[in-house]
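In: structure, please.
(chains A and B)
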Amino acid sequence: MRVVLAEDLFLLRQGIIQLLEAYDVEVVAAVDNGTDLAAALTEHKPDVAIVDVRLPPTFTTEGLQAALTARREQPGLPILVLSQHVEQMYARELLADGTGGIGYLLKDSVLDDEQFIDAVRRVAAGGTAMDPAVVAQLMTSHSRDEPLAALTAREREVLELMAEGCSNTAIAQRLTITEGAAAKHISNIFTKLMLPPSSDSNRRVLAVLAYLNA
Amino acid sequence: MTGGRGWEHEDMKTVPVTWRGRVGRATLDTLVGVAIATGALLSVVLFVTTAYFVILCVIGIGFLALPYLTRAVRRLCDLNRRAAARYGVPVERPYRPEPEVIEKDIVGWMRRCKWILADPATWRDLLWLLLNCVVGLVGFVPAALLYYAGEGLFLACGLWRPLADDGQGRWYAFVTVGSWPAALAAALLALVVLTGWLFLGAPVLKGYAYFVRFLLGPTRQSQLASRVQHLSETRSGALDIQAAELRRIERDLHDGAQARLVSLGLQLGAVDRKMTQDPEEARRLLRQARTSSVQALRELRDLVHGIHPPVLAERGLPDALRALGLASPLHVTVVVDLPARLPDPVESAVYFAVSELLTNALKHADAQRVEVVAWREDDTLHARVTDDGRGGADVSAGSGLEGIRRRLASFDGVLEIDSPPGGPTVMKMELPCALSSPKTSSS
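Out: The predicted structure follows:
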């Protein structure tokens, strides 16, 4: 797997490179600003771009903008965005084209290397990886909505994990339930939220995120 | 959508005036003029009495009536200020604020008299009363024009015949109405006068309005004085707020991230000791240390968000307000029309104010829907937050609203609350976009 990394803090950039290389992920380019990022993405066409939202020269949302532009030029280019804080608005912008291959994680997530690598792999494969903090925000902003209030506590847990981008297997593992039980919960959730059922895991995640982003 | 009284006024000016409308307005001008002229006659009385009692103050008796008289004088002046505002010349009240605590006894009475006599505006009022005895009579001009036009028309209708019985005819302006052709001329003249009545009333009264502003408006000096007072009040408010903020940040850091980092250090020290003897325990401690660092990060993130929300720094006010709307469990509609970035402190003040108002709508008002509208008009930023909750919001009830008001005051901004019991609640904020506003009035 080939990765382009954009992170302006030297220590963090080196740390992420070491982490990725420890798991046999090849970092083809590591840049520290938005301009270089755009060039690197065009040149290397990586399997996934790992991008810090805030980059020089403007220190605003340079990284996010560069990534979104690159994704318009190379449709489906998987992007994993890292940030010091999560903002529902940015999640919405990232997910706007509804095609997956999107990750949005807090920088804290690199502290747990296995989960981080798992997220990188998932995004590269066209899946999604949303930080629990993003999902929590989404759930809060919908906490008063009828269909969501009708979910049981367990179903809410399953929904949250699904929104984070987990597959049935991963959900079952995290909640220590059987895969069959997880599938049952998921089908209940889809009925209650009046979403069209789908057997494809990625598409289901996207449907849930689209619902929560509405 | 933009609402407000200012717009209605604007409409009055721009709507094309029909003949009917013009006659109506001329009639209104005539009535206002008569009222002003009556005020002029009243000025004579008030001036004489006030001057008399002020002189009597020298031997003490005058103090008894002074506060009552001043109230009457100021009321008359206020009426004239209102009339001036009608003609597009707004006049602010220049009086010094009344002392807040006034004893009910003789000491309080004397303090009130001192407050009145020490205010230069009192003396300017008196001067205005004196001059207004004469100048105010211009208020009769529209009425006189109307009367004269009426007289001319009546004469022309044939009334000149009985009046001209002595064969002399009757003078109307420069025409002796003694024959039908002269009557026709008089009729034409009367029409000219009538046209004058239709069009001259407003400008004459506007001229009078400038006279009112000249003496009854605040002088440069009183403007500066009240500005200084406003600034020192809001400055101490701003300093208090800032100090409280710093204390909060210090406490949060001390109890939060700092403590977490200490415990992280301790955990790593324990790992160091256990590394060789008990690698399994060391590994457990390392995992704990990782959790500690995640927690420290989370606390720092919350703290940063409270100091200056990252989305505000990254995207500016419009998107930051939209983000607030997205994050709220309420149905929030955000309509923002701001062409350019505003100074950081202004954006931050508005952001936190709207954030607080949204929280109030959720927690206290039990609202379902909220509308946030922000726009810029000239150099003023307007923001309005409307919710469909149960209303009854009150500045004194919660320190939250008072806090917003104080925060906005340090930018010369205001918070207007309209929250009848049962709702809906409308909160309006207005603050100048430029930080160092050149204005000298205290609003």
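
In: who's in contact with the residue nearest to residue B:316 when sequence neighbours are not counted?
Out: Once flanking residues are discounted, residue B:316 sits nearest to residue B:341: 5.2 Å by CB to CB, 6 or more residues apart in numbering or on different chains. Just so you know, the C-beta spots here come from the backbone N, C-alpha and C atoms, and that holds for glycine as well. The contact partners of residue B:341, taken as CB atoms under 8 Å, 6 or more residues apart in numbering or on different chains, are B:316, B:317, B:347.

In: where does residue B:341 land on pLDDT?
Out: pLDDT recorded at residue B:341 is 84.

In: distance check, it against chain A.
Out: Using CB to the nearest CB, to the nearest Å, residue B:341 is found at 11 Å from chain A.

In: what about that residue, which SS state?
Out: Counting by DSSP: H, G, I helix; E, B strand; the rest coil, the backbone at residue B:341 sits in coil.

In: again, but for residue B:428
Out: Classified using three-state DSSP, residue B:428 is strand.

In: residues contacting the residue nearest the centre of chain A?
Out: Geometric centre of chain A, nearest residue: residue A:103, 2.1 Å, by CA atoms, centre = their mean. Residue A:103 is in contact with A:78, A:79, A:80, A:81, A:119, A:120, A:122, A:123, A:128, A:129, A:130, A:165, counting by CB under 8 Å, 6+ apart.

In: which members of the contacts of residue B:341 occur in helices, if any?
Out: B:317, B:347 (DSSP state H).

In: among the contacts of residue B:341, name the buried ones.
Out: Applying a neighbour-count criterion of 16 or more other CB atoms under 10 Å in any protein chain shown, the buried members of those are B:316, B:317, B:347.

In: where does the prediction get shaky in chain B?
Out: B:1-17, B:164-169, B:397-399, B:435-443 (pLDDT under 70).

In: and with 80 instead?
Out: B:1-17, B:60-62, B:99-105, B:158-180, B:394-399, B:423, B:434-443 (pLDDT under 80).

In: how does it divide into domains?
Out: Annotated domains of chain B cover B:17-218, B:225-307, B:311-432 [automatic domain parsing].

In: got a markdown table for the ones you listed, with distance to residue A:179 too?
Out: As requested, those are arranged in a markdown table below (distance: least, CB to CB, whole Å):
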| stretch | distance to residue A:179 |
| --- | --- |
| domain B:17-218 | 73 |
| domain B:225-307 | 27 |
| domain B:311-432 | 33 |
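
In: other SSEs contacting whichever strand or helix holds residue B:84?
Out: Taking DSSP states H and E as the criterion, residue B:84 maps to helix B:62-86. In terms of contacts (3 or more CB pairs under 8 Å, 6 or more residues apart in numbering or on different chains; DSSP states H and E), helix B:62-86 is packed against helix B:19-56, helix B:106-118, helix B:120-135, helix B:180-216.

In: include mean neighbour count and distance to residue A:1 when you put those helices into a markdown table, please.
Out: As requested, those are exported to a markdown table (neighbours: other CB atoms under 10 Å in any protein chain shown; distance: least, CB to CB, whole Å):
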| stretch | mean neighbour count | distance to residue A:1 |
| --- | --- | --- |
| helix B:19-56 | 17 | 78 |
| helix B:106-118 | 14 | 81 |
| helix B:120-135 | 19 | 80 |
| helix B:180-216 | 18 | 77 |
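
In: how close does the spatially closest residue to residue B:150 that is not a sequence neighbour get to residue B:406?
Out: In this structure, residue B:150 finds its nearest non-sequential neighbour in residue B:190, 7.8 Å apart by CB to CB, 6+ apart. Per CB to CB, to the nearest Å, residue B:190 is found 62 Å from residue B:406.

In: then residue B:302?
Out: 24 Å.

In: more neighbours, these two?
Out: Remark: of residue B:302 and residue B:406, residue B:406 carries more neighbours, 18 against 14, as counted by other CB atoms under 10 Å in any protein chain shown.

In: excluding its backbone neighbours, what's nearest that one?
Out: Using CB to CB, 6+ apart, the closest residue to residue B:406 is residue B:237 (4.6 Å).

In: quick check, that neighbour in a strand?
Out: No. Assessed with three-state DSSP, residue B:237 is helix; it does not lie in a strand.

In: got phi/psi on residue A:81?
Out: Backbone geometry at residue A:81, expressed as degrees, to the nearest 10, gives phi -100, psi 130.

In: which residues touch the residue lying closest to residue B:36 once chain neighbours are set aside?
Out: Distances taken as CB to CB, 6+ apart place residue B:139 nearest to residue B:36, at 3.3 Å, with adjacent residues excluded. Residue B:139 sits next to B:32, B:33, B:34, B:35, B:36, B:37, B:38, B:39, B:40, B:205, B:208 when contact means CB under 8 Å, 6+ apart.

In: out of the contacts of residue A:103, which sit inside helices?
Out: A:119, A:120, A:122, A:123.

In: residues near the residue nearest to the third one when sequence neighbours are not counted, how many?
Out: Just to be clear, that refers to residue A:122. Closest residue to residue A:122 apart from its sequence neighbours, by CB to CB, 6+ apart: residue A:129 at 5.4 Å. Other residues lying near residue A:129 total 25 when counted by other CB under 10 Å.

In: was I right to think residue A:129 contacts residue A:161?
Out: No. Counting by CB atoms under 8 Å, residue A:129 stays clear of residue A:161, with 11.7 Å between them.

In: distance check, the nearest residue to residue B:103 once chain neighbours are set aside against chain A.
Out: Nearest non-adjacent residue to residue B:103, counting by CB to CB, 6+ apart: residue B:111, 7.4 Å away. With distances taken as CB to the nearest CB, residue B:111 is found 55 Å from chain A.

In: having no further points to raise, I will conclude here.
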